[in-house]
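>>> the sequence and its predicted three-dimensional model are supplied below.
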Amino acid sequence: MPKMNVHKGDKVQVISGKDKGKQGEVLRAIPDEHKVVVKGVAVVKKAQRPTQQGQQGGFVTKEAAIDVSNVMLICPSCGKPTRVGHARNEKNHTVRVCKKCGAQF
C-alpha cells in the first residue's frame, strides 16, 4: 500500500462523494485502512448506550472515516487544492511540495 500524503492537522477539500466541495481539517489519519477523518465531513449519527448506571443514552453525531483518495490537500501558501510532490530539503529530509506553487510544507 502506498504512503499517504495527508497527515493529521492538514487542511483538505473533499473531491468526491456526498460532501464534495467541503473543506476541513484532518482529525485522524488511519494509514492501515488508507482512510482519514475530516472535521465536519461524513457526519453520521450513532446510537450510544448508557455505560454506567444513571447515565443517559441517546444519539451522538460523529465524523466517519473516508478514503484518502476522496480528499485533496490544500496548500498552506497558495490556498488551492493541489496534488503533492516530494523533494529533498537542505537537511536532506523528504518534504511535501505543492505542485501548483512549488512551496514546501
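Cool, the structure landed.
>>> who's the residue nearest the centre of the chain bridged to?
In the chain, the residue lying closest to the centroid (Cα atoms, centre = their mean) is V26, at 3.5 Å. For V26, the beta-bridge partners under DSSP bridges are V38.
>>> thought it was touching D10?
Yes. The pair V26 and D10 passes the contact test of Cβ atoms under 8 Å, sitting 4.9 Å apart. C-beta coordinates here come from the backbone N, C-alpha and C atoms, glycine included.
>>> from Q13, how far off is K100?
13 Å (Cβ to Cβ, to the nearest Å).
>>> between these two, which one's more packed in?
Neighbour count, other Cβ atoms under 10 Å: between K100 and Q13, Q13 has more, with 19 against 14.
>>> tell me the pLDDT at the more buried one?
In this model, Q13 is scored at 98, pLDDT.
>>> likewise A65?
Reading off the model, A65 has pLDDT 98.
>>> do the same with P2
Reported pLDDT for P2: 74.
>>> show the backbone phi and psi for N70.
phi -90, psi 0 (degrees, to the nearest 10).
>>> give me every residue that touches it.
14-17 (Cβ atoms under 8 Å, 6 or more residues apart in numbering).
>>> got JSON lines for these, with neighbour count, distance to P81 and secondary structure too?
Below are the contacts of N70 laid out as JSON lines (neighbours: other Cβ atoms under 10 Å; distance: Cβ to Cβ, whole Å; DSSP: H, G, I helix; E, B strand; the rest coil):
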{"residue": "V14", "neighbour count": "21", "distance to P81": "10", "secondary structure": "strand"}
{"residue": "I15", "neighbour count": "13", "distance to P81": "7", "secondary structure": "coil"}
{"residue": "S16", "neighbour count": "13", "distance to P81": "12", "secondary structure": "coil"}
{"residue": "G17", "neighbour count": "13", "distance to P81": "15", "secondary structure": "coil"}
